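> sequence unavailable; structure follows:
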């Protein structure tokens, strides 16, 4: 070695030499962030090792890096976490002298130092008392001195961590939750703390600690990249500010973005949010797994005492076709074939959300890799499952996050990519654009009883700000995007037009109500011209409230709500004169007439199951427009109890009623010729010639899971239900009791009202409620008990919402008196409650 080389080495190991080398590394080298952090750690190791050697440390002493420095993650302004470890044999003064020779040069350079001097027993004792110390020691790394001492400490610390995991991990989880409460969620903050906020670097360290316990592990996909992204941003922040800070302040974001080669501050925040979202989701999954394992461990001794050493497989409860609940998660059934089921991702997500359950990460991975893409337009079942997912309320958020983590959301809705993790630089907004859309759907789920088309409300809530990913007025851009998205989802032309109108004008009510004179007729006329009909006004009114509530606490108030309500009432009054007259009922189809005549002649129920209406098999356009399920046509001689009987039989067979049309028809005289038919049980208790009216029911039904029952079985049970030999209520109660009750899903209360001026010949009772097994059966029983006659019924299931209308008459065959109608509506509402 030349004298020049020796002089250079001396300079680099002395404080001044280390400082110069450090500056060169930070400012001159064009290395990527990870390589620079490792190089800085290596440079610091070399310098500290030289200081340690120069201190003439006695035997049995070691210098150990812990925490971030132990992991080799030194950012430009990171502090040095150091432990001077000694075996207790050396003189205390000698150990203290070594510490002085190490600490003072660090302080002289102005570097932050977190230091301690301990024996292995002292380090172990302190770790047992202080969780944060234990976490730091999990990253212990040898720098200089007695390697055996460091190795022994690491082995002891890891053994203690694993042995104490059942106690330590719940405490760590609580620590993470408290920190998140103080600092918020990194993925939504305009000035986030990269280290302390939820989804930040502290959480990444916690996930490493959980993995070190061998009790559970975090999802690995994207985890290292997310952590590296946050570290790179923190490095750039340190270099830009010259300070040891973890808060990404607004005034520094452009400079940090430029240092990282990003377009602007929005691109920077979007990158940070994506990384934080990955870490936050990994944390949710990991802590759920920790709780599951610890719960299983606590139950195992009791199960062993009750059942012996063996234990069967975990219980699996069906949720939907191909989806079951297992150990508190929604998972795929063992027999499911994802490669043959394009709707399975949405069905699984909807079932999980409606059950208030998380979607298993293993299920998400399998759905993302195995399921084929949906055709365009989507089949009706896919659209229904999306609406069901959105209508679940708060549980939708966790399930949506799981779909996001698996890349399923952008696969289903490619336009989502433009708003994903997009920041909103308005202090009124709490969330990123994409999370705001999900939150709006959550809020809208509580308002579905206020509209006649809850499916359109929920989809409009999810899509209303998609235009924020494009230049110009986001409402104008959003209208164009939503027309395309809604058509791809499978809505018909009329519904696409309604959704486009709602998205285009989703700010109209609140802006008009707060900025215009409501007493000016031109104000009301302008809104009415834009909205065009009362149904669209209902949607716009509900979306306005949901949008504002999802924006943040400053966006909605009692004052704003009163102004918007007043404007909506005035516009509804202006539109009411333009409502269409009551439509005449459509004539029976040839198939319906055939069944009606057969029911009259046989004096008993007749039914058929058909898989589709008109349209060619495999026609995507027909699949998108046809309701979900199969068509059930039923004709039965007019008699009391038909509606609750049929609805109850369908509920017994786990069939969901998607749509229902129910009306009475007279058999023409020329078709009444029938042979004498004896009255018997097989005919449902009627005799041909006893009645001339037949009830015709045209319903769409689908199986919750499994295959459809045979038509003959349905007819036999319907006959028994009509003659009273089948106890439907008891059978449904037994079935419900056989399944464990899951935690309740928060849903808006049912709403029953008398529709004003909806019919001149009958009273129209509108019911809006959460769909549930046996709902139509209970409504039918309540109407029968009230002594009214159901002339016709029109029922729809839109996602998880039931929207039903019953045309009822009194004993005289005419509409009910206003008081009687109101009392009936109140009684139905009590029944549903």
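On my side now, so go ahead. Being a predicted model, the structure only gives us computed values, none of them experimental. Numbering: from 1, shown residues only.

> distance of residue 218 relative to residue 364?
For residue 218, the distance to residue 364 equals 14 Å [C-beta to C-beta, to the nearest Å]. In short, each C-beta sits where N, CA and C put it, glycine included.

> neighbour-wise, which of these two wins?
Legend: neighbour count by other C-beta atoms under 10 Å for residue 218 and residue 364, higher for residue 364 (26 against 23).

> packing partners for the helix or strand hosting the more buried one?
Per DSSP states H and E: residue 364 is located in helix 361-370. The helices and strands touching helix 361-370, judged by 3 or more C-beta pairs under 8 Å, 6 or more residues apart in numbering; DSSP states H and E, are strand 329-332, helix 344-354, helix 395-405, helix 408-412.

> hmm, 7 Å instead?
Under the contact definition 3 or more C-beta pairs under 7 Å, 6 or more residues apart in numbering; DSSP states H and E, helix 361-370 sits against strand 329-332, helix 344-354, helix 395-405.

> what sits up against the very next helix or strand once past that helix?
Next in sequence after helix 361-370, counting helices and strands by DSSP H and E, comes helix 380-390. Contacts to helix 380-390, defined as C-beta atoms under 7 Å, 6 or more residues apart in numbering, come from residues 343, 346-347, 349-350, 353-354, 374, 396, 399, 441, 445, 455, 458-459, 462, 489-490, 623-624, 626-628, 798-800.

> same deal with stretch 35-47?
Under C-beta under 7 Å, 6+ apart, the answer for stretch 35-47 is 13, 18, 21-22, 25, 29, 31, 69, 72-75, 80, 143, 231.

> check stretch 748-767 too.
446, 448-449, 582, 768-769, 779, 791, 802, 804-809, 815-816, 821-822, 824-825, 828-829, 832-833.

> residue 126 and residue 133: what is the separation?
5 Å.

> may I ask you to name the longest helix in this structure?
Of all the segments of type helix in the chain, defined by DSSP state H, the longest one is helix 265-307.

> report all helices and strands that that helix contacts.
If you count contacts as 3+ C-beta pairs under 7 Å, 6+ apart, helix 265-307 packs onto helix 165-183, helix 201-212, helix 223-241, helix 250-259.

> reformat these as TSV; add mean neighbour count.
Converted to TSV, those look like this (neighbours: other C-beta atoms under 10 Å):
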stretch	mean neighbour count
helix 165-183	16
helix 201-212	21
helix 223-241	21
helix 250-259	17
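
> residue 435 is nearest to which of those helices?
Closest approach to residue 435 among the helices and strands packed on helix 265-307 (C-beta to C-beta): helix 165-183, 15.7 Å.

> tell me what the closest one is packed against?
So helix 165-183, by 3+ C-beta pairs under 7 Å, 6+ apart, packs with helix 131-137, helix 201-212, helix 265-307.

> any idea of the angle it forms with helix 201-212?
170 degrees (axes from the mean of the first three to the mean of the last three C-alpha atoms, to 10 degrees).

> off-centre distance for helix 165-183?
Distance of helix 165-183 from the chain centroid (C-alpha atoms, centre = their mean, to the nearest Å) equals 23 Å.

> now stretch 50-65
54 Å.

> ok, stretch 119-126 next?
That offset, for stretch 119-126, works out to 45 Å (C-alpha atoms, centre = their mean).

> check stretch 785-805 too.
Per C-alpha atoms, centre = their mean, the centroid offset for stretch 785-805 relative to its chain is 30 Å.

> with stretch 260-272 instead?
Distance of stretch 260-272 from its chain centroid, counting by C-alpha atoms, centre = their mean, is 27 Å.

> please point out which parts of that stretch sit buried.
260, 262, 265-266, 268-272 (16 or more other C-beta atoms under 10 Å).

> with pLDDT and distance to residue 187 added, can I get those in TSV?
Shown next, in TSV, are the buried residues of stretch 260-272 (pLDDT from 0 to 100; distance: C-beta to C-beta, whole Å):
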residue	pLDDT	distance to residue 187
260	93	18
262	94	17
265	95	16
266	94	14
268	97	13
269	96	10
270	96	10
271	97	11
272	97	8
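
> before we move on, the earlier item: who has more neighbours, residue 126 and residue 133?
Legend: neighbour count by other C-beta under 10 Å for residue 126 and residue 133, higher for residue 133 (20 against 14).

> give me the phi and psi for residue 356.
Phi and psi for residue 356, reported as degrees, to the nearest 10, are phi 70, psi 30.

> hang on, I meant residue 221
For residue 221, the backbone dihedrals (degrees, to the nearest 10) come out as phi -60, psi 120.

> give me the number of residues near residue 714?
23.

> helix/strand/coil for it?
helix (DSSP: H, G, I helix; E, B strand; the rest coil).

> would you confirm that it contacts residue 608?
No. Using C-beta atoms under 7 Å, residue 714 is not in contact with residue 608, being 10.1 Å away.

> low-scoring pLDDT stretches of the stretch 301-450 of the chain, where are they?
For the stretch 301-450 of the chain, the stretches with pLDDT under 70 are 301-313.

> can we see that at 80?
301-314, 427 (pLDDT under 80).

> still on that earlier bit, can you give the contact residues for the helix holding residue 364?
Counting by C-beta under 7 Å, 6+ apart, 219, 285, 330-332, 338-339, 344-345, 348, 402-403, 405-408 sit against helix 361-370.

> ok so, going back, quick one: the longest helix of the chain to helix 165-183, angle?
150 degrees.

> ok so residue 144 is a strand residue?
Yes. Under three-state DSSP, residue 144 falls within a strand.

> distance of it from residue 574?
84 Å.

> which of those two has more residues huddled nearby?
Each of residue 144 and residue 574 has its neighbours counted (other C-beta under 10 Å); residue 144 has more, 22 against 18.

> show me the contacts for that one.
By C-beta under 7 Å, 6+ apart, residue 144 lies in contact with 48-49, 52-53, 62-63.

> now with 6 Å?
Neighbouring residues of residue 144 by C-beta atoms under 6 Å, 6 or more residues apart in numbering: 49, 52, 63.

> lowest-confidence helix or strand of the chain?
Lowest by mean pLDDT, DSSP states H and E among the helices and strands of the chain is helix 3-13, with a mean of 40.

> same question for the helix or strand just after that one, mean pLDDT?
Remark: after helix 3-13, the chain's next helix or strand is helix 15-27, criterion DSSP H and E. Mean pLDDT, helix 15-27: 84.

> let me see the mean pLDDT of whatever helix or strand comes next after helix 15-27.
Using DSSP H and E, the next helix or strand after helix 15-27 towards the C-terminus is helix 33-54. Mean pLDDT, helix 33-54: 94.

> ok, now stretch 240-249?
93.

> cool, stretch 206-217 as well?
Stretch 206-217 comes out with an average pLDDT of 92.

> fine by me, we can end here.
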